[in-house]
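S.K.: generate a structure from the sequence data that follows.
(2 chains)
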Amino acid sequence: MSDQQHNQAGFDAGPLPPAGTRPHETYVHGHHWRDRWEEADGAKLGMWLFVCTELLLFAGFFCAYAAFRLMYPDNWHEASRYYLDWKIGFINTGVLLFSSWTIVMAIRSLQLDKKFAAFIYLGITNACAICFLFLKITFEYIPKWQLGKLPGKYFNYPNYGPADPAVIDSTTLPEPAGPLVDAGHAITNGATDMVASAMNSGVMDVLPIAAKAGEEAHHVPMPHDHIFMSVYWISTATHGLHVFIGVVLITWLMFRVMGEHYGPRRYTMVENVGLYWHVVDLIWIFLFPLLYLV
Amino acid sequence: MSHSNDHHAGAGEGHQQDHHLHVTPFAPMLIVFIVLLALTALTVYTANLHHIDVGNTRIEISGTAHILIALTIAVVKSALVLGFFMHLLYDKAVNTIVLASSLFAISLFLGLTLMDLAVRDSIEPYEAGELTPGGTKQVIRQSILRDEAGHGNAHEGEDHSADDNADDGHADEDHATDDQANDM
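M.R.: Reported below is the predicted structural model:
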């Protein structure tokens, strides 16, 4: 069975060079496996099971996203458009895709016994991961924190304060009597049907708009913005944590590669970290359009 | 010792391939990467596209269509990542089966939840509630703050203090139906 698998076109590059004395060549597979490749397949299957648990973990966030989106479609769309900048998400998508490709190339280099090339590819992957986190924190998390666009009850509505009155923060609580912006003016600035319908029902016509934050004047805060931001924070922060764990793992791999622990006969760990890294990429492939675009 | 162990499987199944070098192909991976980038650009492009002109006919792209387009592109992208980068196309089928079982679980999870939300109204009709930023508690608090500051907008305070005991969760559920009716 494993014969067929490993001898597929594109993968078989002829006979292995004779084994030397480097760690990856003298490595002895577990005695309960028939050979090293069977051991590698077993390890990989275990990694796939872990990958599935990861997908199920994020499925929870996607479910929350879908449920709230179904309940508040317009609020969701407006919040996505207003609070998130697709350009940062777009750059980060490219960065992650590139890093996915470089880790594939790192595996290829090890299979070809090119230690330094593998080291460089892993280094690029790591640099991309750090770049992703840097962009995310600098251009998204910090400004949102400063504007009080925090999850759930910590979300700071202009002139209303945090979504939960129990959260008292005198520094972010605006003046109670902010100037009222003409509701008709707000509508012409791209507010949605939902606001219009809310106004018709006499609910939101007294909605005050923050005057001190100029940009806020063009956005009518919507009743469920704080739920959107909750989903945004929990899903991207969990994803960011995974990126960070990826940085730690890839750094460890770089040391191991320099120690010649991986080569044409043994690269299972690089492959498994690669699988993990692709999952991080995979999750982002869905998070990016869902949070930033639609 | 170790070297001989390497050849231990000589008589076994793994003998033949144990002597072969397995190399990830270069060109397909590069092409897949470029295609992934192109699809990312496409998804951004379509998300900012609000209508298509075919001759004299203008086809508007609705919100639902935007979601479907974005999700379709995301599924294609993830299939490429899974198949090529994650080696599912080259590996044993067992990995694909494991993944498929997890995807099946996810589809049940999401499918049943969304089905519930979508048809809940057909069993028990809802009455639309008020829409207030941060929930009704906020409006009450705001009215108190205004009264204290002496700028009180009297009628606003009265309007909402009636709902004093309404909890946010319940109010949110009430909105759901309204929003769906208006916007879906």
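
S.K.: so where does residue A:92 fall, helix or strand?
M.R.: With elements taken from DSSP states H and E, the one containing residue A:92 is helix A:86-111.

S.K.: now that helix: how far from the chain's centre is it?
M.R.: Here helix A:86-111 is found 13 Å from its chain centre; the criterion is CA atoms, centre = their mean, to the nearest Å.

S.K.: and after that helix, which helix or strand comes next?
M.R.: Next in sequence after helix A:86-111, counting helices and strands by DSSP H and E, comes helix A:115-136.

S.K.: show me where chain A has helices.
M.R.: When assigned using DSSP state H, the helices of chain A occupy the ranges A:2-6, A:23-26, A:36-71, A:73-83, A:86-111, A:115-136, A:142-147, A:183-188, A:193-200, A:225-258, A:268-287.

S.K.: out of those, which is closest to residue B:34?
M.R.: Distance to residue B:34, taken as CB to CB, is lowest for helix A:86-111 among the helices of chain A, at 9.1 Å. C-beta: built from backbone N, CA, C; applies to glycine.

S.K.: tell me the domain ranges of chain B?
M.R.: Following automatic domain parsing, one gets these domains for chain B: B:24-94, B:136-183.

S.K.: chain B versus residue A:260, what's the distance?
M.R.: The gap separating residue A:260 from chain B is 14 Å, by CB to the nearest CB, to the nearest Å.

S.K.: tell me how far the nearest residue to residue A:83 once chain neighbours are set aside lies from residue A:263.
M.R.: Closest residue in space to residue A:83, ignoring its immediate chain neighbours: residue A:149 at 6.0 Å, by CB to CB, 6 or more residues apart in numbering or on different chains. Spatial separation of residue A:149 from residue A:263 under the definition CB to CB, to the nearest Å is 49 Å.

S.K.: one step back: hey, least reliable of the domains of chain B by pLDDT?
M.R.: Considering those one by one, the lowest average pLDDT is found for domain B:136-183, at a mean of 49.

S.K.: give me the number of residues near residue 49?
M.R.: No chain was given, so I picked chain A. For residue A:49, the count of nearby residues is 14 (other CB atoms under 10 Å in any protein chain shown).

S.K.: hmm, I had chain B in mind actually
M.R.: 11.

S.K.: and for residue A:137?
M.R.: Other residues within reach of residue A:137, judged by other CB under 10 Å, total 12.

S.K.: report pLDDT for it.
M.R.: Predicted confidence (pLDDT) at residue A:137: the value is 95.

S.K.: ok, residue A:259 - contacts?
M.R.: With contact taken as CB atoms under 8 Å, 6 or more residues apart in numbering or on different chains, residue A:259 is in contact with residue A:23.

S.K.: could you redo the last one with a cut-off of 10 Å?
M.R.: The neighbourhood of residue A:259, defined by CB atoms under 10 Å, 6 or more residues apart in numbering or on different chains, consists of A:22, A:23, A:24, A:115.

S.K.: ok, now residue B:83?
M.R.: Counted by CB under 10 Å, 6+ apart, residue B:83 has contacts B:28, B:32, B:89, B:90, B:96.

S.K.: among these, which one has the most neighbours?
M.R.: By neighbour count, taken as other CB under 10 Å, the most surrounded of those turns out to be residue B:32 (20 neighbours).

S.K.: got the contact list for that one?
M.R.: Counting by CB under 10 Å, 6+ apart, residue B:32 has contacts A:97, A:100, A:101, A:104, B:77, B:80, B:81, B:83, B:84, B:85.

S.K.: next, format the residues you listed as TSV and append distance to residue A:278.
M.R.: Putting the contacts of residue B:32 into TSV (distance: CB to CB, whole Å) gives the following:
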residue	distance to residue A:278
A:97	10
A:100	6
A:101	10
A:104	8
B:77	12
B:80	11
B:81	6
B:83	11
B:84	10
B:85	5
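
S.K.: please consider this matter closed, and thank you.
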